[in-house]
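A.B. asks: sequence? don't have it. structure:
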Ligand code: NAD
């Protein structure tokens, strides 16, 4: 059983799928691990550290991809600089485990199925207690929530904490977090540690207690419809509910020095929470960090990958924040992968048990088929859209 760690070619991707510590543990379990030359370079893990852990360093990308039984990655496979797609380097019947974004880009699932690759998508790991150690969405979202606050604090022309000095008293910064999922809760905790006064809002009222336990005030909006979908995710709400929400949150956005938005609805464009009118009401010097920038943004003025100043307000739309902390991001992702591998490999052989809810949910392609209904639906919606144009 050959497990291979590919070098990421996506320009913004600094993480690596396995760190040397995890490699050492897998090798102890009797597995063979190949690591592409320089795979850990941007995470500050050298080839020699992997070699010391027992890995075989492979310089030939084609050989590594083609001979892997299980290929591990962080970012979805893509086109190579010198031509050809990474997917085409995989052997038929090989297993690929990576973030694949199959609901946002279902074409990739079709390509993997055509190639007869068994693909497991890290986004599709269920958010259950049993799957917690494999939940890469959570491990990476937590890093993003932390970093978002640091970025906001660095951009804010003010202190975060309250300070009493000989030159007078400084009032603490007011931080408003929108979306109190994994990233939002970590953002609350980080902003509190820096001494800010924190308020948070989420469409799911169930998070109220968690928000309060972190020392933040929960902004409540009473809606007349169910806002939580299966798996605890947020549901897309009606126009009337959106309107009602905006009326309530507008006041909190206006009073905040920092707004951090993290709201997402799986497989959908991110909901618009901060309208242009709300930004116009904010104090000059205020800062918005939009963690949903890549999914279309929670703020009307966000530009993904850019920092802009509009009407005196700095609006930051970061891309792939976990990648900016590659040592810990890779360490946590490695642990997520190692837990998943433990479920997939028995007696050094791959055993795909589709009766297991984790394997069933995560495995999106197998034996030439797209296995997941939501991915098939997303693909169909896309082809209908393309057909219309
Ligand atoms: P996410 O990234 O999908 O969304 C972030 C937050 O935005 C969520 O809390 C969501 O409710 C909120 N949101 C969506 N639309 C909104 C709107 N219009 N206005 C305000 N807020 C809005 O969420 P996530 O962090 O990936 O967490 C999703 C769910 O999974 C949560 O219920 C979480 O508790 C659950 N979860 C469970 C486990 C576990 O049991 N092991 C682990 C992680 C997450």
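C.D. replies: Received it, and whenever you're ready, just let me know what you need. It should be emphasised that the depicted structure is a prediction, and the values quoted were computed from it without experimental measurement.

A.B. asks: how about the residues of the stretch 251-389 of the chain that lie near the ligand?
C.D. replies: For the stretch 251-389 of the chain, the residues in contact with the ligand under the definition C-beta under 6 Å from any ligand atom are 262, 263, 264, 265, 266, 271, 273. Every C-beta, even on glycine, is put in place using the N, C-alpha and C of the backbone.

A.B. asks: Among the residues you listed, show me the least confident.
C.D. replies: In terms of pLDDT, residue 266 ranks lowest among these, with 76.

A.B. asks: Let's verify that residue: helix, strand, or coil?
C.D. replies: Reducing the assignment to helix, strand or coil with DSSP: H, G, I helix; E, B strand; the rest coil, the entry for residue 266 is coil.

A.B. asks: pretty sure it contacts residue 232?
C.D. replies: No. Here residue 266 lies out of contact with residue 232, judged by C-beta atoms under 8 Å, at a distance of 10.8 Å.

A.B. asks: Compare those two (neighbour count), which wins?
C.D. replies: Comparing residue 266 with residue 232 by other C-beta atoms under 10 Å, the one with more neighbours is residue 266, at 17 against 12.

A.B. asks: among the residues of the stretch 251-389 of the chain next to the ligand, which two are most distant?
C.D. replies: 266 and 273 (16.6 Å; C-beta to C-beta).

A.B. asks: Which stretches in the stretch 201-350 of the chain count as strands?
C.D. replies: In the stretch 201-350 of the chain, the strands defined using DSSP state E, counting those that start in this stretch lie at 217-219, 258-261, 287-290, 307-310, 313-316, 345-346, 349-350.

A.B. asks: These into JSON lines, with extra columns for mean neighbour count, mean pLDDT and distance to residue 388?
C.D. replies: JSON lines is the format used below for these (neighbours: other C-beta atoms under 10 Å; pLDDT from 0 to 100; distance: least, C-beta to C-beta, whole Å):
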{"stretch": "strand 217-219", "mean neighbour count": "17", "mean pLDDT": "97", "distance to residue 388": "40"}
{"stretch": "strand 258-261", "mean neighbour count": "30", "mean pLDDT": "98", "distance to residue 388": "31"}
{"stretch": "strand 287-290", "mean neighbour count": "29", "mean pLDDT": "98", "distance to residue 388": "30"}
{"stretch": "strand 307-310", "mean neighbour count": "14", "mean pLDDT": "97", "distance to residue 388": "33"}
{"stretch": "strand 313-316", "mean neighbour count": "23", "mean pLDDT": "98", "distance to residue 388": "33"}
{"stretch": "strand 345-346", "mean neighbour count": "14", "mean pLDDT": "94", "distance to residue 388": "45"}
{"stretch": "strand 349-350", "mean neighbour count": "11", "mean pLDDT": "94", "distance to residue 388": "41"}
